[in-house]
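**Student:** Sequence first, predicted model second:
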Amino acid sequence: MTLRAPAKALLAAAGGALGVFAFAPAGWFPLAFASLALLAAQLERAASTRAGFGLGFAWGLGAFGAGVSWLYVALERYGGMSPPLAALAISLFCAFLALYPALACAAYLRWRRGGALRRAALFAAAWLLGEWLRGALFTGFPWLAIGYSQTPPSPLAAGFALFGVHGVGALTAFSAFLIAASLTALRTHGWTTRAFLLPIAAVSLIFVAGLGLSRHAWSEPEGEALAVSLLQPNIDQAFKWSPENLAEVLRINAVLVQAARGEIVVLPETALAAPLDWIPKGYLDLLAGSLGERGGTLIVGALTRDGGHYRNAAVTLGAESGQTYAKHHLVPFGEYSPPLFGWFYRLANIPMSQQSPGAARQAPFTLHGRRIAINICYEDVFGAELITSLPQAGLMLNLSNLAWYGDSFAQPQHLQIARARALESGRPMLRATNTGMTALVLPDGSVPAILPAFTRGVLEVRVPAYRGDTPYARRGDLPVLAAAAIVLALFILARRVAG
């Protein structure tokens, strides 16, 4: 039976939506292979570049429509945008994101040739370049890059330390294409044919190699473990940013700091809900003093002001006060207005949405003899930026506030991203969040300690600094980008030579 174009588009969109369940919170990582294999099988039956673009676009609409729909909560519930306008804004955003898989699929259809292994290499290269562009152009939005679905227990998880999330995504796309090719060969020629056995053997080799590499540790603990208290205030976003509630917000934070027992105590992103110079100095002294005689240090997420410039920052109080990190990679619309989008703020009401970025390179904090690389919320989505603090930093710390997105996929998806960063860097990732997920992530991607979401509490952990470099921490995305570009260039050249 031959499907008509609308039915093909619906099938591709369903495949994209299916792939979302490969990510947290479901975490059924094999569905990433199923999702891309379904797309690859459709592409193999497509006859034109235009058809490939349409299939990739439909797949993207399904994937992003299902996977980042939580953005609606920020616009409608907390941004004050009307439901129809919020739905329209998210729909347009998902359509924009869908252009990247559409271009990748169009490129594949334009230059495909050769046997299954060669076509799989082209598909993987086009997919990698498309996802990298999505994470780089217009400040980037790499959320739901397919590689994130392959955190442990996936056999591809070992690839994070070698190739980063985009390299793992390319391996996923390569394997999925070969799975599709083998199933097609099985249906048409039987299981004893080379067309079936060769792709299956290649996928099996990748999985076995991944399982073997997963036993190798690229970094090791250095020195004694550090006692860290990660605080989760669990304050509703609407309550937090109402000026009449500031005193209660400050009280909640103070109670949590007083209950903490760590050498380092961490309050999450914008925990104080007002610029730092608006906070009574006596309150900051109270927080520092509550660390007691143990000589502890408090890291607090706060808005700082330099003249007319507001910055989303982390500052230290207490024994080693005076260190500041200012968020560099800001969120479009949420933290700054892109050019020509002033109209957006006439439709939405987003507190502190005109911020200034910090410097691109900032030194890690030095606390209790350890160097800790700070990143704030959305910044940990950009692995190539975080590795600039390595190998100096032995620990990584993320301060986040995902209360904007309510009880949604955003929290578990963000924790999965943190797991990928820990695997890439060979460093523990500590997370202090407002409503969840406050956790400790170890360099092997495991999560030995976590607070339940939407609860108020203190997570007490002990974690050493780590030393040692992963291949990805040394080289970043350049090797896989170069490899993908070379593969694509070879196919383009072959097409021109063939006429």
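**Tutor:** Alright, I've got the coordinates. Numbers count the residues shown, from 1 in each chain.

**Student:** Give me the helices and strands touching the helix or strand encompassing residue 491, please.
**Tutor:** Assigned by DSSP states H and E, residue 491 belongs to helix 478-498. Identification of packing neighbours for helix 478-498 by 3 or more CB pairs under 8 Å, 6 or more residues apart in numbering; DSSP states H and E yields helix 83-111, helix 116-134, helix 159-189. Every residue, glycine included, has its C-beta placed from N, CA and C.

**Student:** Turn those into JSON lines, including distance to residue 383, mean neighbour count and mean pLDDT.
**Tutor:** Putting the helices and strands packed on helix 478-498 into JSON lines (distance: least, CB to CB, whole Å; neighbours: other CB atoms under 10 Å; pLDDT from 0 to 100) gives the following:
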{"stretch": "helix 83-111", "distance to residue 383": "18", "mean neighbour count": "20", "mean pLDDT": "94"}
{"stretch": "helix 116-134", "distance to residue 383": "11", "mean neighbour count": "24", "mean pLDDT": "97"}
{"stretch": "helix 159-189", "distance to residue 383": "6", "mean neighbour count": "24", "mean pLDDT": "93"}
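
**Student:** wait, which of these is closest to residue 303?
**Tutor:** Comparing the helices and strands packed on helix 478-498 against residue 303 with CB to CB, the closest turns out to be helix 83-111 (25.5 Å).

**Student:** on that earlier part again, would you put the C-alpha positions of the helix holding residue 491 in CSV?
**Tutor:** Extracted C-alpha coordinates of helix 478-498, given in CSV (Å, rounded to 0.1, in the frame of the first residue of the first chain):
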residue,chain,number,x,y,z
LEU,A,478,35.7,20.1,16.5
PRO,A,479,36.6,16.5,15.6
VAL,A,480,33.0,15.3,15.0
LEU,A,481,32.1,18.5,13.2
ALA,A,482,35.1,18.1,10.9
ALA,A,483,34.3,14.4,10.3
ALA,A,484,30.7,15.2,9.4
ALA,A,485,31.7,18.0,7.1
ILE,A,486,34.2,15.8,5.3
VAL,A,487,31.6,13.0,4.9
LEU,A,488,29.1,15.5,3.5
ALA,A,489,31.7,17.1,1.2
LEU,A,490,32.7,13.7,-0.2
PHE,A,491,29.1,12.9,-1.1
ILE,A,492,28.6,16.3,-2.7
LEU,A,493,31.8,15.7,-4.7
ALA,A,494,30.8,12.2,-5.8
ARG,A,495,27.5,13.6,-7.0
ARG,A,496,29.2,16.2,-9.1
VAL,A,497,31.7,13.8,-10.6
ALA,A,498,28.8,11.4,-11.4
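
**Student:** can you give me how far that helix is from the chain middle?
**Tutor:** Chain-centre distance of helix 478-498: 28 Å, with CA atoms, centre = their mean, to the nearest Å.

**Student:** Report the buried residues of it.
**Tutor:** Across helix 478-498, burial judged by 16 or more other CB atoms under 10 Å covers 479-481, 483-484, 487-488, 491.

**Student:** Give the rounded mean pLDDT of it.
**Tutor:** Helix 478-498 shows a mean pLDDT of 93.

**Student:** quick one: that helix to helix 116-134, angle?
**Tutor:** 120 degrees (axes from the mean of the first three to the mean of the last three CA atoms, to 10 degrees).

**Student:** Hmm, residue 382 is touching residue 140, no?
**Tutor:** Yes. If you go by CB atoms under 8 Å, residue 382 and residue 140 touch, sitting 6.8 Å apart.

**Student:** Just give me how far stretch 486-499 sits from the chain centre.
**Tutor:** For stretch 486-499, the distance to the chain centre is 33 Å (CA atoms, centre = their mean).

**Student:** ditto for stretch 142-149
**Tutor:** In terms of CA atoms, centre = their mean, the centre of stretch 142-149 is found 7 Å from the chain centre.

**Student:** Now stretch 299-318: buried residues?
**Tutor:** For stretch 299-318, the buried set under the neighbour-count rule, 16+ other CB under 10 Å, comprises 299-304, 310-318.

**Student:** wait, I meant stretch 276-294
**Tutor:** So for stretch 276-294, counting by 16+ other CB under 10 Å, buried means 276, 279, 284, 287-288, 290-291.

**Student:** now what about the helix holding residue 491, what contacts it?
**Tutor:** If you take CB atoms under 8 Å, 6 or more residues apart in numbering as the criterion, helix 478-498 is touched by 107, 110-113, 121-122, 124-126, 128-129, 132, 163-164, 166-167, 170.

**Student:** quick check: angle from that helix to helix 83-111?
**Tutor:** 60 degrees.

**Student:** sorry, back to before: ok, so of the buried residues of helix 478-498, who is nearest residue 210?
**Tutor:** residue 480 (15.5 Å).

**Student:** distance of that closest one from residue 162?
**Tutor:** Counting by CB to CB, to the nearest Å, the separation of residue 480 from residue 162 is 9 Å.

**Student:** Same check on residue 126?
**Tutor:** According to CB to CB, residue 126 stands 21 Å off from residue 162.

**Student:** Likewise for residue 399?
**Tutor:** From residue 399 over to residue 162 the distance is 29 Å, taken as CB to CB.

**Student:** do residue 125 as well
**Tutor:** Taking CB to CB, one finds residue 125 at 17 Å from residue 162.

**Student:** tell me which residues in stretch 134-143 are buried?
**Tutor:** Result for stretch 134-143 [16+ other CB under 10 Å]: buried residues 134-135, 140-143.

**Student:** quick one on the thing from earlier: of the buried residues of stretch 299-318, which pair is most distant in space?
**Tutor:** Greatest spatial distance among those (CB to CB): 310 and 318, at 24.0 Å.

**Student:** count of neighbours near residue 460?
**Tutor:** Residue 460 has 16 neighbours, counted by other CB atoms under 10 Å.

**Student:** Checking my notes, it in a strand, right?
**Tutor:** Yes. Checked against DSSP: H, G, I helix; E, B strand; the rest coil, residue 460 lies within a strand.

**Student:** Bridged to it, which residues?
**Tutor:** Under DSSP bridges, the beta-bridge partners of residue 460 are residue 229.

**Student:** Start the count at 29 instead of 1 going forward.
**Tutor:** Taking 29 as the first residue, the last one we looked at is residue 488.

**Student:** check contacts around it.
**Tutor:** Neighbouring residues of residue 488 by CB under 8 Å, 6+ apart: 255-257, 288-290.

**Student:** From those residues, list the buried ones, please.
**Tutor:** For these, buried by 16+ other CB under 10 Å: 255-257, 288, 290.

**Student:** ok, so of these, who is nearest residue 226?
**Tutor:** For the buried ones among the contacts of residue 488, the nearest to residue 226 is residue 256 (50.0 Å; CB to CB).

**Student:** related to what we said a few turns ago, what's the angle between the helix holding residue 519 and helix 187-217?
**Tutor:** Helix 506-526 runs at 40 degrees relative to helix 187-217, counting by the same axes, to 10 degrees.

**Student:** what pLDDT does residue 29 get?
**Tutor:** For residue 29, pLDDT reads 44.

**Student:** and what of residue 368?
**Tutor:** pLDDT, read off for residue 368, is 49.

**Student:** With the one 4 residues further on instead?
**Tutor:** pLDDT, residue 372: 55.

**Student:** again with the one 5 residues further on
**Tutor:** According to the predicted model, the pLDDT of residue 377 comes to 57.

**Student:** what's the first-to-last distance across stretch 155-169?
**Tutor:** 15 Å (CA to CA, to the nearest Å).

**Student:** now it, how far from the centre of its chain.
**Tutor:** So, by CA atoms, centre = their mean, the centroid of stretch 155-169 is 12 Å from its chain's centroid.
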